[in-house]
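[1] Sequence plus predicted model, see below.
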Amino acid sequence: MTRLPKSRFCRDERGATAIIFAISMMPLMMAVGAAVDGSQWFTLKRQSAGMIDNALLAGARQAQLNPDDKDAALAAAQAYYDGKKTSLGGLATDTVAFVLTDNDTALTFTGEATMKTSFLTIVGIDKLVITSPAKAAFQTSGGNTGSDLEIALSLDVTGSMCDDGVGPCSSGTKISGLKAAAKDLVTIVMGNTGAGQKSRIAIVPWATNVRLARDGEGTALTSAITNLPETLSAYINECISGTGSGGSETSGNWVCTQWAPRYYTNMKLIPCVTDRFYDSTNSAETTDAPPGTGIWPNAVSGRRYPLSADSSDTTPASGRGSSAADPLYYWNHSPWASCWDSMESNIVMPLTDNETALKNRIDDLQGYASTGGALGTAWAYYMLSPRWASIWSGTSAPGSYSDVAAKSSSGSPVLRKVAVLMTDGDYNTGRGWKEIDQKIVSGAAVKICENMKKDGIEVFTVGFNLDALSSAKRTMAEDTLRQCGTSLNHFYQTLNVEQLKAAFRDIALKVKPVRLTQ
C-alpha cells in the first residue's frame with residue numbers, strides 16, 4: 001500500500017478549516033448587514049411617515065380653506081412631500097402620489113418609496129419599502145373626533161371700521177377685510193361636516209346697540225327680550241329745532257334748542273337693544289341669565305320707558321307719555337320704529353348651519369356708530385347659552401352646557417362652544433350712551449368673558465389695527481382682549497387685513513382641525 005506523507009493531510013485540514021470558517025461567517029455577515037440596513041430602514045421609515053403625514057395634513061388644510069378646489073389640496077400635499085423627500089437621501093424608487101378618497105372627504109396616497117440596501121444585496125435584497133399606509137380626514141365639525149360645534153362671531157361694525165373713521169360704509173379697507181375674514185371662517189367650519197355631526201354659527205354685529213330686525217319688524221322678539229309692549233300710544237317729546245351735528249365714534253356737538261310733545265298711536269317697538277343695567281355705580285349684569293325682572297336688556301334708548309329705567313318692571317313716576325305735560329323723554333317706540341346708530345342690515349343671526357345665509361348676512365354688514373364692546377361680548381354669550389332657549393328655539397337652540405363637559409367614547413367633548421370676539425377700538429359705549437369710561441365698559445366685558453369660560457365656552461379674541469389708538473387706550477384694549485381669551489394663544493393682534501384673515505383662518509382650523517385616521 002502506498003503511504004501518503006503526513007504533511008499532505010495537514011494541508012488538507014487547513015483548507016477544510018478555511019472553508020468551514022468562510023461558511024460559518026456567512027450568517028454573521030448577513031446578520032451584520034441586516035443590522036446596518038435595518039437601522040437605516042427604521043430611520044428612513046420613521047422620517048417618511050412623518051413627512052407623508054405632514055403632506056396629508058397640508059393638503060387637507062388646503063381643502064378646508066377652499067373646499068371647491070380639490071386639485072389645490074392634492075397639489076399642496078405633493079408640493080410639501082416633494083420639497084422634503086430629498087432629506088431621505090438617494091431613494092431606490094419613489095412613486096408616491098396623493099389622491100382623494102372617501103367621497104372626497106379624505107386624502108391618502110398611492111405608490112411607494114424604497115431605499116437602497118448596502119449589505120442585503122448579498123442575499124438578493126437590493127431595496128426596502130419605507131412607506132406605510134396613511135390617511136387624513138377633513139374633520140367633521142369641531143375637534144379631532146367630530147364633536148358638534150357652535151360658534152358665535154361677535155363683530156365690531158362701528159364707524160372706525162370705515163375708511164373715513166365715521167361711516168356709514170358697506171365697503172372699504174377694514175370693513176371689506178372683515179367680511180372676507182369672517183366668510184373664510186364660515187367656509188372652513190361649514191365645509192365637509194360629517195353625517196350625524198352639527199356645525200352651527202351665529203353672527204352678532206354690534207356697535208352702539210344690537211339690532212334684532214329691520215325697521216318696523218321684530219317687535220315680538222324685541223318685546224320678549226325687553227318686556228316692553230309691541231305697540232304703544234303715547235305723547236313723545238320731540239326735538240323740533242336743533243344745531244350742530246351728531247357723531248359716530250363720538251357724541252358730536254348736536255344740541256336740541258326746542259322740544260315739543262306730540263301724540264302718536266300704535267307706535268311699534270324699535271327692534272334694537274342695549275346692555276342690561278349698569279353705570280358708574282352699578283356693576284354690569286354679566287351672566288347669561290335669560291331676560292327677566294331686574295335683568296331685562298335695555299331698549300334702544302338705554303332706558304325702558306314706559307317701564308322703569310333700571311331693567312325692572314316698575315312704573316316710573318313721570319315720563320310715561322300719558323299726557324302732553326308728561327311726555328316720553330326716553331322713547332323706545334316710534335311711528336317708523338327705526339333704530340338710531342344702527343345700520344338696518346346689521347341684524348343678528350342666531351345659530352344656523354345655512355352657509356349661504358351666513359355669508360349673505362356678513363356681506364350686508366355696514367360700519368357706523370360707537371364701540372359698545374361689553375354689549376357685543378354679552379350677545380355672543382346669549383347666542384351660545386341654553387338658558388336663552390325661550391328666545392332661540394328650534395334649529396337655533398343652543399346645546400346644553402352638560403354636553404360641553406361630557407365626553408364621547410373617544411374622549412373628545414360631545415359639544416364645543418366657541419366665541420370669537422373681534423374689535424378695532426376701545427370699548428367706550430354702554431346702554432346706548434357714548435364716551436363712557438373705557439374702564440367701566442372693558443371691565444364689564446372681562447367679567448362676561450370670565451363667566452363664559454366658567455360655562456365651558458372657548459373664547460378667541462382678535463384685535464384689529466389697535467395701534468391706531470392712543471397709547472393708553474391701546475394698552476387697555478389689548479389687556480381686555482387678552483383677559484377675555486381662554487389663553488394667551490387665543491388672542492390675535494392683527495395690524496392689517498391680511499393678518500386679520502390669517503387670524504380667522506387659524507381660529508377656524510383650531511376649532512375644526514383635520515385628523516390623521518391611519
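    That came through fine.

[2] Help me confirm that Met343 comes into contact with Gln366.
    Yes: counting by CB atoms under 8 Å, Met343 does reach Gln366; the two are 3.9 Å apart. Quick note: C-beta positions are derived from backbone N, CA and C, even for glycine.

[3] Common neighbours of these two, please.
    Counting by CB atoms under 8 Å, 6 or more residues apart in numbering, the common neighbours of Met343 and Gln366 are 157, 168.

[4] Which secondary structure element is home to Lys183?
    helix 173-190 (DSSP states H and E).

[5] how far is that helix from where the chain is centred?
    Taking the mean of its C-alpha atoms, helix 173-190 sits 10 Å from the chain's own mean (CA atoms, centre = their mean, to the nearest Å).

[6] name the helices or strands packed onto it?
    The helices and strands touching helix 173-190, judged by 3 or more CB pairs under 8 Å, 6 or more residues apart in numbering; DSSP states H and E, are helix 6-65, strand 148-156, strand 199-206, helix 355-363, helix 497-511.

[7] where do the helices sit along the stretch 251-400 of the chain?
    Here the stretch 251-400 of the chain has its helices, by DSSP state H, counting those that start in this stretch, at 355-363, 373-384.

[8] What's the first helix or strand after the longest one?
    Scanning the chain past helix 373-384 towards its C-terminal end, the next helix or strand to appear is helix 401-405 (assignment: DSSP H and E).

[9] The very next helix or strand once past that following helix pairs with which strands, and in what direction?
    Of the helices and strands lying after helix 401-405 in sequence (DSSP H and E), the nearest is strand 415-423. Strands that pair with strand 415-423, judged by DSSP bridges, come out as strand 148-156 (parallel), strand 458-464 (parallel).

[10] can you put these in JSON lines and add distance to Lys512 and mean neighbour count?
    Listed next are the strands paired with strand 415-423 as JSON lines, based on distance: least, CB to CB, whole Å; neighbours: other CB atoms under 10 Å:
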{"stretch": "strand 148-156", "distance to Lys512": "7", "mean neighbour count": "27"}
{"stretch": "strand 458-464", "distance to Lys512": "12", "mean neighbour count": "26"}
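
[11] now for the ones you listed, which one comes closest to His490?
    Proximity to His490 (CB to CB) singles out strand 458-464 among the strands paired with strand 415-423, at 4.8 Å.

[12] Roughly how far does the nearest residue to Ile201 once chain neighbours are set aside sit from Lys453?
    Among residues not flanking Ile201 along the chain, Ile151 sits closest, at 4.7 Å (CB to CB, 6 or more residues apart in numbering). Noted for Ile151: a distance of 15 Å to Lys453, by CB to CB, to the nearest Å.

[13] Could you do Thr226 as well?
    From Thr226 across to Lys453, the span is 27 Å (CB to CB).

[14] Also Ser176?
    As for Ser176, its distance to Lys453 is 32 Å (criterion: CB to CB).

[15] Of Thr226 and Lys453, give the one with the bigger neighbour count.
    Thr226 (24 against 16; other CB atoms under 10 Å).

[16] which residues does that one contact?
    Taking CB under 8 Å, 6+ apart, we find Thr226 in contact with 269, 273, 291, 296-299, 304, 332.

[17] Mind checking which of those are in strands?
    Cross-referencing the contacts of Thr226 against strands under DSSP state E gives 269, 273.

[18] In the contacts of Thr226, which has the lowest confidence score?
    When the contacts of Thr226 are sorted by pLDDT, the bottom entry is Arg304 at 85.

[19] shouldn't it be in contact with Trp296?
    Yes: using CB under 8 Å, Arg304 is in contact with Trp296, at 6.5 Å.

[20] overlap in contacts of these two?
    Contacts common to Arg304 and Trp296, judged by CB under 8 Å, 6+ apart, are 226-227, 311.

[21] Specify which member of those residues is nearest to Ala357.
    Thr226 (25.6 Å).

[22] can you list the weak-confidence ranges in the stretch 151-300 of the chain?
    Scanning the stretch 151-300 of the chain for pLDDT under 70 picks out 192-196, 246-248, 250-252, 278-284.

[23] ok, and for stretch 113-126, which residues are buried?
    113-117, 119-120 (16 or more other CB atoms under 10 Å).

[24] quick one: which two of the residues you listed are the most distant?
    Ala113 and Phe119, at 20.1 Å, using CB to CB across these.

[25] any idea how far Ala136 is from Tyr80?
    When Tyr80 is compared with Ala136 (using CB to CB), they lie 12 Å apart.

[26] between these two, which one's more packed in?
    Ala136 (28 against 20).

[27] Can you report how many residues lie near the closest residue to that one other than its chain neighbours?
    The shortest distance from Ala136 to any non-neighbouring residue, by CB to CB, 6+ apart, is to Leu56 (3.7 Å). A count of neighbours around Leu56, defined by other CB under 10 Å, yields 28.

[28] just to revisit the earlier point, name the residues contacting each of Tyr80 and Ala136.
    Gly59.
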